[in-house]
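>>> My questions are about this predicted structure, shown below with the sequence.
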Amino acid sequence: MSIKKQYLKKDPKVCKVDFKIAKGVFENAENIKIVGDFNEWNTQSEPMKKFKNGAFSQTLKLESGKEYQFKYLVNDSHWENDPEADKYVPNGVTEGETNSVIAV
């Protein structure tokens, strides 16, 4: 997995964030969605693009100067954190479970 941040020179209030997941990271993944604060935890959000090699990718434009909680929703049934996240916080739903956080 990887997260790459690119701050836009034309608009410093925006950061393009590339999320990439290599083939096989999530076993039997047919679709993966990035769900979080930035899309109001909408589980019906657009899935990541799946490539022929089995990898997944999606780029989001996020407002700079903020932190966003998120998770990956795999096959519409299984939640996963990103090991490349900037930090983790309690999710406030299930005791002991966390959400990934990205700071941009």
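Arrived safely.
>>> What pLDDT is listed against the residue nearest the centre of the chain?
Using C-alpha atoms, centre = their mean, the residue of the chain that lies closest to the mean C-alpha position is residue 34, 4.2 Å off. In this model, residue 34 is scored at 98, pLDDT.
>>> and the helix or strand hosting residue 57, which strands flank it?
Element membership of residue 57 [criterion: DSSP states H and E] is strand 56-63. Based on DSSP bridges, the strands next to strand 56-63 in the sheet, each with its direction, are strand 14-21 (antiparallel), strand 49-50 (antiparallel).
>>> Now it: buried residues?
Residues of strand 56-63 classed as buried by neighbour count (16 or more other C-beta atoms under 10 Å): 56, 58, 60, 62. C-beta: built from backbone N, CA, C; applies to glycine.
>>> And for stretch 3-15?
Applying a neighbour-count criterion of 16+ other C-beta under 10 Å, one finds residue 15 buried in stretch 3-15.
>>> ok, back up a step: in the sheet, which residues pair with the residue nearest to the centre of the chain? Tell me.
residue 72.
>>> Quick one: residues contacting it.
Residues touching residue 34, when contacts are defined by C-beta atoms under 8 Å, 6 or more residues apart in numbering, comprise 19, 45, 48, 58, 60, 70, 72, 73.
>>> what do you get if the cut-off is 10 Å, keeping everything else the same?
For residue 34, the set of contacting residues under the criterion of C-beta atoms under 10 Å, 6 or more residues apart in numbering consists of 17, 19, 21, 45-48, 56, 58, 60, 68, 70-73, 82, 100, 102.
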